[in-house]
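here you go, sequence then predicted model.
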Number of protein chains: 2
Amino acid sequence: MVDYSSSAQLDLVFHALGDPTRRAMLRQLAQQEHTVSELAEPFSMSLAAASKHVKTLEHAGLVRRTIRGRTHYCRLNPQPLSDADDWLRSYERLWSQRLKALEELLRHPEKE
Amino acid sequence: MVDYSSSAQLDLVFHALGDPTRRAMLRQLAQQEHTVSELAEPFSMSLAAASKHVKTLEHAGLVRRTIRGRTHYCRLNPQPLSDADDWLRSYERLWSQRLKALEELLRHPEKE
DNA sequence: AATATATTCAACCAAACAGTTGACAATATT
DNA sequence: AATATTGTCAACTGTTTGGTTGAATATATT
């Protein structure tokens, strides 16, 4: 079993996710495959800039690219998202505890 | 219901998580409260540098600080981790599908 | 063959980042 | 009162980031 959650890999994945343009691109790719131009289209930036974002996602392992002719087709590779989630979920006990306490408070709204 | 998962908030949280020093600090804080010096101790960097990391975590809402005398006590606030997880989990369908296919393949290892 | 399209590349820029050091502020200790 | 401790701040440095533009590459279309 390969450990994709190595620190360096998580660095790349979390860094890739820390940008709204890239998160939006992933959102598109969750629906279907897209070319680089299609991914770039919604944003008011040059194609070159968008292309760099795609490359960042690719480097993090979040995007796979197939080149057919002059067109680059990109699709989402969800594995690193699952790895990032594994990391986050190791804290779940902490936040679910807190959420439970909040719910309890809503159910029995006592003074103070 | 407040939307902590706003894009700007996620930017801060994912960016904060994209650094191994900061993830290690969170790991410490998951165990118990720690002072800034305690958080800094494992790393071979100046206290000032570590202090900046703590501030980054605090800015992302991941750390809460209480000052008593000259000592700053830090504790983990897990809420933003939960928000980040909410975001990631919206892709869960995609990766669990893939995992299921892999398991299936392991159970019935046919040719090709 | 000429042109249009899809994409990357290289060079550049400004801003942000991660680290340093030295000084400062505030609080404890002796 | 003198000193030590905890932590931040400000200024500086080198690197990374996110964007630009113009040229280059490769493929399609006419």
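All right, it came through fine. Numbers count the residues shown, from 1 in each chain, chains lettered A, B, ... in the order given.

all contacts plus neighbour counts: C-alpha atoms, from now on.
Noted.

mean confidence score for stretch A:98-112?
The pLDDT scores in stretch A:98-112 average 69.

same question for stretch A:12-22.
pLDDT averaged over stretch A:12-22 gives 98.

check the offset of it from the chain's centre.
How far stretch A:12-22 lies from its chain's middle: 7 Å, per CA atoms, centre = their mean, to the nearest Å.

residue numbers of chain A in contact with DNA strand D?
Applying CA under 7 Å from any atom of the strand, we find that chain A lies next to DNA strand D at A:18-19, A:21, A:44-50, A:53, A:68-70.

okay, which residue is most central for chain A?
Note on chain A: the residue nearest the mean C-alpha position is residue A:17, at 4.8 Å, using CA atoms, centre = their mean.

find the closest residue to DNA strand D in chain A.
Closest to DNA strand D within chain A is residue A:69: 3.0 Å, counting by CA to the nearest atom of the strand.

how close does that residue sit to residue A:36?
With distances taken as CA to CA, to the nearest Å, residue A:69 is found 13 Å from residue A:36.

between the two, tell me which one has more neighbours.
The residue with more neighbours, out of residue A:69 and residue A:36, is residue A:36; 21 against 6, by other CA atoms under 10 Å in any protein chain shown.

can you pull the contacts of the more buried one?
Shown in contact with residue A:36 (CA atoms under 8 Å, 6 or more residues apart in numbering or on different chains): A:50-51, A:54, A:71-74.

so which of those residues wins on neighbours?
Of all these, residue A:54 has the most neighbours under the rule other CA under 10 Å, reaching 25 neighbours.

residues of chain A that sit close to DNA strand C?
Going by CA under 7 Å from any atom of the strand, the residues of chain A near DNA strand C are A:35-38, A:47-48, A:51-52, A:55, A:70-73.
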